[in-house]
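Novice: Let me see the structure of the following:
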Amino acid sequence: MAALPSPTQVAGSSSSIYEAYYNVVDPNGFGSVGGMEAARFLKRSGLSDVILSKIWDLSDPGGRGCLDKSGMFVALKLVALVQNGKDLMISNVTMDVPPPKMGDIPLPKPTKPPPPRNSPLITSLPPSAVDWTIKPAEREKYDKLFDSLQPLNGLIPGNKVKNVLMESKLPFDTLGKIWDLADQDKDGMLNRHEFVVVSIDFSYCLITIIRKYD
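Specialist: Below you'll find the predicted structure:
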């Protein structure tokens, strides 16, 4: 018995809709839907009992009398195939068709991305951009701060930079993003150029820190 395609393969770009339908029949997340519950839900499609019987047989090839998540997704996709005039074949379940219409159950609306938080703007700057984004006087201060951290062979280890970053009082996740952007070669240390990138990413927070080294 061949394994059914995964839910992701079956749902394709309509995964949020398939997930919403599945959550209706398995609200507790048991990972299995009983035969009666599944049958009642599939009846909402308005398809004939003959068609639904064929859909059930294809979705439950092992004859267990219940459907796991993969089986339920397949059943929903087979409903969608019939509703869109496609052949009722298990080989078509990865075909890209509109999601099924299940009676009076509304399709979930696409969710909007959350609004941006009031956090410092963090951008990845190409090396060529650094020279023209800061003024000579600012670069001198950043160089002075870099030298004050006593670089070894032109590099400052991460633990020293961490102490400076912590003084900014920024959230840990923001500091982590700043570090990831700055440590371009992922060696756990910053050279002079990478340190300047850090300084640009939260320069307004560094103002008070730099004054300690003036």
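
Novice: Distance from the chain centre to stretch 178-188, please.
Specialist: Put simply, stretch 178-188 sits 22 Å off its chain's centre (C-alpha atoms, centre = their mean, to the nearest Å).

Novice: What is the end-to-end distance of that stretch?
Specialist: Stretch 178-188 has an end-to-end distance of 13 Å (criterion: C-alpha to C-alpha, to the nearest Å).

Novice: average pLDDT across it?
Specialist: Stretch 178-188 carries an average pLDDT of 73.

Novice: list the contacts for residue 60?
Specialist: 66, 67, 71 (C-beta atoms under 8 Å, 6 or more residues apart in numbering). C-betas here are computed from N, CA, C, even on glycine.

Novice: which stretches of the protein form helices?
Specialist: Remark: helices assigned in the chain by DSSP state H are 7-11, 15-25, 35-43, 49-59, 69-83, 127-133, 136-148, 158-166, 172-182, 192-201, 203-210.

Novice: ok, now how distant is residue 13 from residue 104?
Specialist: Going from residue 13 to residue 104 by C-beta to C-beta, to the nearest Å gives 24 Å.

Novice: circling back: most neighbours among the contacts of residue 60, which one?
Specialist: residue 67 (27 neighbours; other C-beta atoms under 10 Å).

Novice: for the chain, which spans come out with low pLDDT?
Specialist: 1-2, 106-136, 138, 164, 167-171, 174, 181-182, 184, 197-214 (pLDDT under 70).

Novice: try 90
Specialist: 1-5, 13, 24-40, 49, 61-66, 103-214 (pLDDT under 90).

Novice: Leaving out the residues flanking it, which one is nearest to residue 160?
Specialist: Leaving aside its sequence neighbours, residue 160 sits nearest to residue 149 (C-beta to C-beta, 6 or more residues apart in numbering; 5.1 Å).

Novice: ok, the one you found touching residue 161?
Specialist: Yes: the pair residue 149 / residue 161 is scored as a contact, 7.3 Å apart, by C-beta atoms under 8 Å.

Novice: what's the overlap in contacts for the two?
Specialist: By C-beta under 8 Å, 6+ apart, no residue touches both residue 149 and residue 161.

Novice: who's more crowded, the two?
Specialist: residue 161 (23 against 16).

Novice: Okay, and the beta partners of the residue lying closest to that one once chain neighbours are set aside?
Specialist: With sequence-adjacent residues excluded and distances taken as C-beta to C-beta, 6+ apart, residue 161 is closest to residue 190, at 5.6 Å. Counting by DSSP bridges, residue 190 is bridged to residue 156.

Novice: Could you count how many residues lie near residue 190?
Specialist: Neighbours of residue 190 using other C-beta under 10 Å come to 26.

Novice: Residue 25 versus that one, what's the distance?
Specialist: Distance from residue 190 to residue 25, by C-beta to C-beta: 53 Å.

Novice: Around the residue nearest to residue 78 when sequence neighbours are not counted, count how many other residues there are.
Specialist: Among residues not flanking residue 78 along the chain, residue 55 sits closest, at 4.4 Å (C-beta to C-beta, 6+ apart). Residues lying near residue 55 (other C-beta under 10 Å) number 22.

Novice: go on, residue 23?
Specialist: Neighbour count of residue 23, defined by other C-beta under 10 Å: 12.

Novice: Run through the residues that contact it.
Specialist: Per C-beta under 8 Å, 6+ apart, neighbours of residue 23: none.
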